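Participant: Sequence first, predicted coordinates after that:
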Amino acid sequence: MVSKKPRVVIIGAGMAGLTAANKLYTAVGASLELVVVEGGSRIGGRISTAEFSGDRIEQGATWIHGIDGSPLYKIAGDTNLLISDQPWECMDGTLEDPLTVAEGGHLLTPSSVDPISRLFKNLMDFIQCKLETAEQCLVSGDDLSVGSFLRRGLAAYLELEKEKNATSVGSWSKRSLQQAVFAMHESIQRTYTSAHDLSSLDYNAEKDYVLFPGDEITVAGGYSGIINHLASALPAGVIQLDRKVEKIEWALSGCEGRPVVLHFSDETTMSADHVIVTVSLGVLKAGTSEGSNMFQPPLPSCKAGAISRLGYGVVNKVFLQLNPNYRGDDGFPFLQMVFHPSDSELRNPKIPQWIRRTSFLCPIYNNSRVVLSWFTGQEALELEKLTDDEIIGGFSRTISNLLPSKHHNEISQKFNKVLRTQWGSSPLFLGSYSYVAAGSSIDDMDTLAEPLPKYGGVDLAPLPPLQILFAGEATHKTHYSTTHGAYFSGLREANRLLKHYN
């Protein structure tokens, strides 16, 4: 009698899932029966390279965060993805020398902006243990959030500044301008974390987050090229698209001799010995919420609690094509935008509320005719519901208000085409990436990464081991929210299975 091969099913053909599949197949070939099921019509997950107005853009993951030691940088280099004959997003890196403009058409001088920018940077460096002391700011309490610490630092700074000569700018007082510039930097920081508000971001976890050293770069040939490389090692038929999993039954006495059964949206099923779940934290949150039955039996309370406590947010991009009639002297400037707060009587009603918590609008590279802005949290979700005309009109009116007339020509519409991402409303993602929320900790990410059933569990010990494994950026406690975190998590779970069968 020929023994049956172990069947490993990987849910999700994103970075974590394809890394795990690539590792398993290249290590043992056909010794395992390997299947990757993907709910969408493409591979890549939250990596999605596209084109807009002739330029290559990234709708999802954009940066390789530090090249020294990054496995993704090595893959990109080995596969010639670091060179391109087509312009691409951020090909110049991070643009320098921003033009900072305040609501009402006020061009701000460096003397108005730099002290607050420096304060914000020093406070963040202190939180992340890059500085030993923070400017006039003390830390107390174990439940401190990043937002409350930053606001405490700003309050201390403003208290010291209040005795100095106050200089107003148009309708802005010096103090209100300082607060608004600080809020602009908070909005930039929100895009890094995906948190709607920095007060929901855990203070203590920031020091545990690890960055690779070296430059941060974009992938000239497109981030999706890395995904395609990982998938290219797999035989035809391993990846099955449009296979959305609705329910995972585990701890079964046996179905075709296997302890796990997947139920798909088309009412078909598939049995497995091992399932690696790489869906987003947002999908896990929805699948373990009250009334949901994604897992049967339900996940242990410790794992369900970790999923509930961890933070998961949405970040969306907006790409705008400049109207052919727009004539800037040196192209569209890199704008840092400073707004009156939402409750201020001085705010201009022509500037939409959804745009007030974004922070910049800039060309995707020097002199490009495509400009880009990022949105986070509730504003990102609201953006998904707007029409193209509403987005174009909102940005056009905002730029007309912000830029002094000498920096733009007077045309009613500054833009004539828009592309916006919609990660929040996509049922396959329900957001963008994870963060350690106040009230959770990186230990919750370790808990999320534990396989089921656990080795040595008193009540689960008789069951076949490693039925459900978990991978994805939210399961990596030092590289969460990144593509390389997802990559490492996929390797971890593949190696866990390889060790089991060694």
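Facilitator: Structure's in. What do you need?
Participant: which residues touch residue 312?
Facilitator: When contacts are counted by C-beta atoms under 8 Å, 6 or more residues apart in numbering, residue 312 touches 194, 280, 281, 282, 285, 430, 431, 433, 434, 435, 474. Backbone N, C-alpha and C define where each C-beta goes, glycine included.
Participant: gap between residue 443 and residue 302?
Facilitator: 10 Å (C-beta to C-beta, to the nearest Å).
Participant: quick one, helices of this structure?
Facilitator: 15-28, 71-78, 110-127, 146-161, 174-193, 224-232, 281-287, 301-309, 378-385, 388-402, 442-449, 483-500 (DSSP state H).
Participant: tell me what the fifth one is packed against?
Facilitator: Judged by 3 or more C-beta pairs under 8 Å, 6 or more residues apart in numbering; DSSP states H and E, helix 174-193 is in contact with strand 99-102, helix 110-127, helix 146-161, strand 335-338, strand 370-376.
Participant: Partner strands of the first one and their direction?
Facilitator: According to DSSP bridges, the neighbouring strands of strand 99-102, each with its direction, are strand 106-107 (antiparallel), strand 335-338 (parallel).
Participant: Could you single out the most deeply buried of the ones you listed?
Facilitator: strand 335-338 (a mean of 24; mean count of other C-beta atoms under 10 Å).
Participant: Need the contact partners of that one.
Facilitator: 98-103, 108, 113, 177, 180-181, 183-184, 358-362, 398-399, 402-403.
Participant: Just the buried ones from those?
Facilitator: Neighbour counting by 16 or more other C-beta atoms under 10 Å classes 100-103, 108, 113, 177, 180-181, 183-184, 358-362, 398-399, 402-403 among these as buried.
Participant: I'd guessed residue 73 sits against residue 67; true?
Facilitator: Yes - counting by C-beta atoms under 8 Å, residue 73 does reach residue 67; the two are 4.4 Å apart.
Participant: got the end-to-end distance for stretch 63-70?
Facilitator: 12 Å (C-alpha to C-alpha, to the nearest Å).
Participant: Buried residues, that stretch. List them.
Facilitator: So stretch 63-70, judged by 16+ other C-beta under 10 Å, has buried residues 63, 64, 65, 66, 67, 70.
Participant: now that stretch, how far from the centre of its chain.
Facilitator: Centroid separation between stretch 63-70 and its chain, computed with C-alpha atoms, centre = their mean, to the nearest Å, is 16 Å.
Participant: show me the contacts for residue 83.
Facilitator: 220, 221.
Participant: how close does it sit to residue 62?
Facilitator: 18 Å.
Participant: go on, residue 97?
Facilitator: Taking C-beta to C-beta, one finds residue 97 at 21 Å from residue 62.
Participant: Which one's more surrounded, these two?
Facilitator: residue 62 (21 against 6; other C-beta atoms under 10 Å).
Participant: beta partners of the residue lying closest to the more buried one once chain neighbours are set aside?
Facilitator: Excluding the flanking residues, the one nearest residue 62 by C-beta to C-beta, 6 or more residues apart in numbering is residue 218, at 5.9 Å. When assigned by DSSP bridges, residue 218 has beta-bridge partners residue 63.
Participant: and what of residue 435?
Facilitator: Applying DSSP bridges, one finds that residue 435 bridges with residue 311.
Participant: can you count the residues close to it?
Facilitator: Residues near residue 435, counting by other C-beta under 10 Å: 27.
Participant: show me what contacts it?
Facilitator: With C-beta under 8 Å, 6+ apart, residue 435 has these contacts: 193, 194, 195, 201, 310, 311, 312, 313, 480, 481.
Participant: My read is that the third one contacts residue 201, right?
Facilitator: What it means is residue 195. Yes - here residue 195 reaches residue 201: they are 4.8 Å apart, a contact under C-beta under 8 Å.
Participant: what do those two both touch?
Facilitator: With C-beta under 8 Å, 6+ apart as the test, residue 195 and residue 201 both reach 311, 435, 437.
Participant: Poorly predicted segments of the stretch 151-300 of the chain, please.
Facilitator: 165-166, 253-256 (pLDDT under 70).
Participant: same thing with the stretch 1-150 of the chain?
Facilitator: 1-3, 131-143.
Participant: For the contacts of residue 435, which entry has the maximal number of neighbours?
Facilitator: Ranking those using other C-beta under 10 Å puts residue 313 first, with 29 neighbours.
Participant: still on that earlier bit, please identify the most buried of the helices of the chain.
Facilitator: helix 15-28 (a mean of 24).
Participant: Give me the contact list for that one.
Facilitator: 8, 10-11, 32, 34, 36, 38, 43-47, 61, 226-227, 230-231, 233-235, 238-239, 276, 278, 471-473, 483, 486-487, 489-491, 493-495, 497-498, 501.
Participant: what angle separates that helix from helix 71-78?
Facilitator: 70 degrees (axes from the mean of the first three to the mean of the last three C-alpha atoms, to 10 degrees).
Participant: Show the low-confidence segments of the stretch 401-502 of the chain, by residue range.
Facilitator: In the stretch 401-502 of the chain (pLDDT under 70), the answer is 405-412, 455-462.
Participant: go again using 80 as the cut-off
Facilitator: 404-413, 454-462 (pLDDT under 80).
Participant: Domain boundaries for this protein, per the record?
Facilitator: 7-46+223-310+430-500, 48-84+216-222, 110-208 (automatic domain parsing).
Participant: And those domains: which comes nearest residue 389?
Facilitator: domain 48-84+216-222 (17.5 Å; C-beta to C-beta).
Participant: so how far does the closest one reach from one end to the other?
Facilitator: Terminal-residue distance, domain 48-84+216-222 (C-alpha to C-alpha): 9 Å.
Participant: ditto for stretch 28-47
Facilitator: 27 Å.
Participant: go on, stretch 61-78?
Facilitator: End-to-end for stretch 61-78, by C-alpha to C-alpha: 20 Å.
Participant: Give me the contact list for that stretch.
Facilitator: Residues contacting stretch 61-78 (C-beta under 8 Å, 6+ apart): 15, 46-47, 81-82, 89-90, 211-219, 221, 223, 225-226, 229-230, 482-484, 487-488.
Participant: now that stretch, how far from the centre of its chain.
Facilitator: 16 Å.
Participant: would you list the contacts of residue 435 in CSV and tack on distance to residue 370?
Facilitator: As requested, the contacts of residue 435 are exported to CSV (distance: C-beta to C-beta, whole Å):
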residue, distance to residue 370
193, 26
194, 24
195, 27
201, 31
310, 34
311, 31
312, 29
313, 25
480, 30
481, 26
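Participant: Many thanks, have a good one.
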